[in-house]
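S.K.: any chance you could fold what I've pasted below:
(one chain, ligands or ions: 2)
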Amino acid sequence: MEKQAVLVTGGAGYVGSHACMALSEAGFLPVCYDDLRRGNRWAVQWGPLIEAPLEDSAALASAMQSHSVAAVMHFAAYAYVAESMSDPSSYFRNNVSGSINVLDAMVASGVPNLVISSTCAIYGIPPALPIVEEMPAAPINPYGASKHIMEEIADWYAQTHGLRTCALRYFNAAGCDPSGAIGEWHDPEPHVFPLAIAAALDRNSQFSIFGTDYPTPDGTAVRDYVHVSDLAEAHVLALHRLLEGGDNLRCNLGTGQGTSVKEVLEAVASAAGRKPNVVMHPRRPGDPPELVADPSLAMQTLRWKPIRSDPLTIAEDAHRWYVRRLGERSLA
Ligand SMILES: NC(=O)c1ccc[n+]([C@@H]2O[C@H](COP(=O)([O-])OP(=O)(O)OC[C@H]3O[C@@H](n4cnc5c(N)ncnc54)[C@H](O)[C@@H]3O)[C@@H](O)[C@H]2O)c1
Ligand SMILES: O=c1ccn([C@@H]2O[C@H](COP(=O)(O)OP(=O)(O)O[C@H]3O[C@H](CO)[C@@H](O)[C@H](O)[C@H]3O)[C@@H](O)[C@H]2O)c(=O)[nH]1
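M.R.: Ligands and ions are numbered 1, 2, ... in the order given. As a prediction, this is how the structure comes out:
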């Protein structure tokens, strides 16, 4: 039987490529739509790559129609909190206008099912912890605002055009595929786990802790890190739910456990067998002090259960991948 195709925008990026792998393992054909502005060609391993930008509406519709896709998973976006504080325009253009192009192409092509990448950044500084979906959206950076607007627009398309959507609000994606097939690779890299691992692997480099005066137990910012393979699995579950006729959903994907930057450094030191050199810096603009999910809704509705998301497993999977990847690069 022919595999059902799913268009994966941003499928050459970090989370999208892991979702493509999980889709393929679940029997789907992931059709990657990405212009590689921040993605990696080597990460596209489980289906075709359509190398085109979200700005190209005709290419989007043609990709959906030529592969008769059953659903779209929309990952393509700019996703860095700090960058959004210095360049909000790019964030609204790419994350809002780009998403509208995806939605319009779905309507034009008759594709009804959409899984969208949202984020805990929409909650801003939450009124209480852990964060439940009913808490108001109150973003404190343009990135979070752009994703909240995207969710609202998708909702209106659901109401007016009958699309069915599942917005997955991930907390902090981290780790790499445990088999080592793919991993996180950005240039430059802004994220805490890869930077801490890089500093542990290279005695001449330093890891900067952004803020030691947060109102948290050790003074550093707390996040809910969720393994990227667990996130990928949630996308497959969300897709099945939509294909089986499930209604629209917005849900958190996190673990319920907060981990401070200092605790990330401890996990990385255990995985790497060496402590990274550390320097203290002021807070990074746009960063909230503490974000921790209540993941009950995803666990009940999608029957999702994160299984690799403890900080040590995340650090070990990521460390293994970086050692291998850096070794390959030094041979190249
Ligand atoms: N990484 C996280 O911790 C995290 C957490 C919450 C939500 N998210 C969301 O998940 C999604 C994926 O994040 P990621 O960390 O994998 O980012 P990423 O930068 O690794 O991947 C994004 C991919 O989209 C592509 N892309 C971006 N704009 C494009 C455009 N206009 N046209 C074509 N391709 C384009 C890039 O080339 C890249 O391959 C984003 O929507 C992000 O907001 C990520
Ligand atoms: O060199 C560094 C890098 C990061 N951090 C801190 O580590 C935490 C995590 O930072 P980072 O890994 O850059 O992730 P976030 O800024 O939290 O953003 C990620 O997680 C968000 C959800 O919280 C997603 O929406 C974003 O797309 C994704 O980039 C933050 O407190 C940072 O200040 C440092 O102290 N030093």
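S.K.: C-alpha from now on. contacts and neighbour counts both.
M.R.: OK.
S.K.: local confidence estimate at Arg203?
M.R.: pLDDT recorded at Arg203 is 87.
S.K.: tell me which residues touch it, please.
M.R.: Pro276, Asn277 (CA atoms under 8 Å, 6 or more residues apart in numbering).
S.K.: now do the one 5 residues further on
M.R.: Contacts of Ser208 were listed using CA under 8 Å, 6+ apart, and they are Val278, Val279, Met280, His281.
S.K.: rerun that using 6 Å as the cut-off
M.R.: Contact partners of Ser208, counting by CA atoms under 6 Å, 6 or more residues apart in numbering, are Val278, Val279, Met280.
S.K.: could I get stretch 297-305 in CSV with only the CA atoms?
M.R.: The C-alpha coordinates for stretch 297-305 follow below in CSV (Å, rounded to 0.1, in the frame of the first residue of the first chain):
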residue,chain,number,x,y,z
LEU,A,297,-3.4,17.4,28.5
ALA,A,298,-1.0,15.9,26.0
MET,A,299,-0.6,12.8,28.2
GLN,A,300,-4.4,12.3,28.4
THR,A,301,-5.5,13.4,24.9
LEU,A,302,-2.5,12.2,22.8
ARG,A,303,-1.5,9.4,25.2
TRP,A,304,2.0,10.9,25.0
LYS,A,305,4.6,10.0,27.6
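S.K.: what is the mean pLDDT for that stretch?
M.R.: pLDDT averaged over stretch 297-305 gives 98.
S.K.: and that stretch, what's buried?
M.R.: Leu297, Ala298, Met299, Leu302, Trp304, Lys305 (16 or more other CA atoms under 10 Å).
S.K.: contacting residues around that stretch?
M.R.: Under CA under 6 Å, 6+ apart, the answer for stretch 297-305 is Leu237, Cys251.
S.K.: repeat that for stretch 262-270.
M.R.: By CA under 6 Å, 6+ apart, stretch 262-270 touches Lys275, Leu312, Ala315.
S.K.: in CSV: those, plus neighbour count.
M.R.: Below are the contacts of stretch 262-270 laid out as CSV (neighbours: other CA atoms under 10 Å):
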residue, neighbour count
Lys275, 19
Leu312, 19
Ala315, 29
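S.K.: from these, which ones fall inside helices?
M.R.: Leu312, Ala315 (DSSP state H).
S.K.: nearest to Asp34 among the contacts of stretch 262-270?
M.R.: Distance to Asp34 across the contacts of stretch 262-270 (CA to CA) is lowest for Ala315, with 27.7 Å.
S.K.: how close does that closest one get to ligand 2?
M.R.: For Ala315, the distance to ligand 2 (CA to the nearest ligand atom, to the nearest Å) stands at 13 Å.
S.K.: check contacts around that residue.
M.R.: Contacts of Ala315 (CA under 6 Å, 6+ apart): Val268, Ala271.
S.K.: among the contacts of Ser208, who's most crowded?
M.R.: With neighbours taken as other CA atoms under 10 Å, the top of these is Val278, carrying 16 neighbours.
S.K.: hmm, Gln206 and that residue touching each other?
M.R.: Yes: Val278 is in contact with Gln206 according to CA atoms under 6 Å; the separation is 5.4 Å.
S.K.: can you list the contacts of Ser208 in a markdown table and add pLDDT and secondary structure?
M.R.: Below are the contacts of Ser208 laid out as a markdown table (pLDDT from 0 to 100; DSSP: H, G, I helix; E, B strand; the rest coil):
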| residue | pLDDT | secondary structure |
| --- | --- | --- |
| Val278 | 97 | strand |
| Val279 | 98 | strand |
| Met280 | 97 | strand |
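S.K.: now distance to Glu2 too, for the residues you listed, in CSV please.
M.R.: Formatted as CSV, these follow (distance: CA to CA, whole Å):
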residue, distance to Glu2
Val278, 52
Val279, 54
Met280, 55
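S.K.: residue ranges of the strands in the stretch 1-150 of the chain, please?
M.R.: 5-9, 29-33, 49-50, 71-74, 113-119 (DSSP state E, counting those that start in this stretch).
S.K.: strand partners (parallel or antiparallel) of the longest one?
M.R.: Each strand that pairs with strand 113-119, with its direction, by DSSP bridges: strand 71-74 (parallel), strand 164-170 (parallel).
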